[in-house]
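# no letters, just coordinates:
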């Protein structure tokens, strides 16, 4: 790939640069592996030794670093390392290779509307009355169903499926295998079933046994805001009547599942394998760690953080940090865990006390 000067990289990052600003860099690398043509990412003082072990002539460094003492010819200073890393990743991004225009093997319904400057790859299928905004990049074997609407600057990787009537805003990114707008997992029994009986009584009897389930079809769809990104194999169910909603700026990791009728607010982070059951409402700026599960019909307020593997089974007010399964306030969970760790010692002490009392009773 074409190289960039230190001056150009610093300008793109809005960061301070020193030394030989004309030095050309063509890729980024970890400090210990970086050669003279690489920009070493050493954004914390703990990387100093690794940086000196490598062969880099330029690096992104922590504020106040002695770049000349580290043997560098140039340096860029990072007041907030991970934020600068975000900028560096944009500068050196290797975008997917897809030819401009529409590949001859793509199947596009004549009633579909495609915006300016498309790049649509082989074996893409776009259904009737679908609308695709300007600058769309759609890679091979993806499909957009009838009446779906996708805004400008969309990037759909291989094998993405956008269902019927789904509406998506600008700047959408979907990694390989994303499916938006599938039927919700919604069934009903002719008479009250075992789950309903168990919830009401805590028991399961022969009276609640059923011979089958009737499907409740999903008549709604999915509405996705602007600047939303979805990781590989993420799935979003359609709403039963109203739409499932994903707010502006929300990012979903790989293997996230959002059930039917769910509302997810703006600027949320849903990490890998998060599952949100039907009809739950998630506020704005919520962070759900990996494998967090949210039960159905719950309300989670804004600015909530749930640690990985938390099992949320009740409403959560805004501003809470949650942990555990069942999830509780993090401080309470930590105390409960400490108490659990003390249980073996407590049991041993109780057993010793029982022996002492038993011997005292025998001697009376």
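Great, that's in hand. Keep in mind the model is a prediction, meaning the values are calculated, not measured. Residues are numbered from 1 along each chain as shown.
# now residue 82, what's its secondary structure?
The three-state assignment at residue 82 reads helix, by DSSP: H, G, I helix; E, B strand; the rest coil.
# contacting residues for it?
Each residue near residue 82 by C-beta atoms under 8 Å, 6 or more residues apart in numbering is listed here: residue 43. For glycine as for every other residue, the C-beta is placed from the backbone atoms N, C-alpha and C.
# where does the stretch 1-150 of the chain dip in pLDDT?
Within the stretch 1-150 of the chain, the ranges that satisfy pLDDT under 70 run 1-2.
# wait, residue 295 touches residue 316, no?
No: using C-beta atoms under 8 Å, residue 295 and residue 316 do not qualify as a contacting pair, with a distance of 11.1 Å.
# these two: which has the busier surroundings?
Neighbours were tallied for residue 295 and for residue 316 using other C-beta atoms under 10 Å; the higher tally belongs to residue 316 (23 against 15).
# show me the beta-bridge partners of the nearest residue to the more buried one once chain neighbours are set aside.
Of all residues beyond its chain neighbours, the one nearest residue 316 is residue 300 (4.6 Å), with distances taken as C-beta to C-beta, 6 or more residues apart in numbering. With DSSP bridges applied, residue 300 shows beta-bridge pairing to residue 282, residue 316.
# what backbone torsions are found at residue 341?
Main-chain dihedrals, residue 341, degrees, to the nearest 10: phi -70, psi -30.
# what's around residue 242, how many residues?
That count, for residue 242 with other C-beta under 10 Å as the rule, works out to 15.
# make that residue 113, sorry
Neighbour number of residue 113 under other C-beta under 10 Å is 13.
# which residue is the nearest non-sequential neighbour of it?
Here the residue nearest residue 113, using C-beta to C-beta, 6+ apart, is residue 131, at 4.7 Å.
# wait, doesn't the one you found sit right on residue 109?
No: at 11.3 Å, residue 131 does not count as touching residue 109 under the criterion of C-beta under 8 Å.
# okay, now the domains of the protein?
Residue ranges for each domain of the chain read 4-91, 103-328, as given by automatic domain parsing.
# could you dump those into TSV with distance to residue 97 added?
TSV is the format used below for the domains of the chain (distance: least, C-beta to C-beta, whole Å):
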stretch	distance to residue 97
domain 4-91	17
domain 103-328	9
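# ok, back up a step: looking at strand pairing, list the partners for the residue nearest to residue 113.
residue 113, residue 149.
# contacting residues around it?
112, 113, 148, 149, 150.
# rerun at 10 Å
112, 113, 114, 115, 144, 147, 148, 149, 150, 151, 167 (C-beta atoms under 10 Å, 6 or more residues apart in numbering).
# go on, residue 308?
Here residue 308 is in contact with 271, 272, 273, 274, 288, 289, 290, 291, 292, 323 (C-beta under 10 Å, 6+ apart).
# I'd guess it is in a helix, am I close?
No: going by three-state DSSP, the assignment for residue 308 is coil, not a helix.
# not counting sequence-adjacent ones, nearest residue to it?
Going by C-beta to C-beta, 6+ apart, residue 308 has residue 289 as its nearest residue, at 3.5 Å.
# how about the one you found, phi and psi?
The phi/psi pair for residue 289 (degrees, to the nearest 10) is phi -70, psi 170.
# got it, and the one 5 residues further on?
In terms of degrees, to the nearest 10, the main-chain angles of residue 294 are phi -120, psi 120.
# state the number of residues packed around it.
For residue 294, the neighbour count with other C-beta under 10 Å is 26.
# beta-bridge partners for it, please?
The partner residues for residue 294, given DSSP bridges, come to residue 276, residue 312.
# got the contact list for it?
258-259, 262, 270, 274-277, 280-282, 286, 288, 300, 306, 310-313, 316, 327.
# what about the helices in the stretch 1-150 of the chain?
Assigned helices in the stretch 1-150 of the chain, in chain order: 6-13, 48-53, 81-91 (criterion: DSSP state H, counting those that start in this stretch).
# let me redo that: the stretch 201-350 of the chain
330-363.
# where does it dip in pLDDT?
Using pLDDT under 70, nothing in the stretch 201-350 of the chain is flagged.
# thinking again about what came up before, mutual contacts of residue 131 and residue 109, please.
residue 144.
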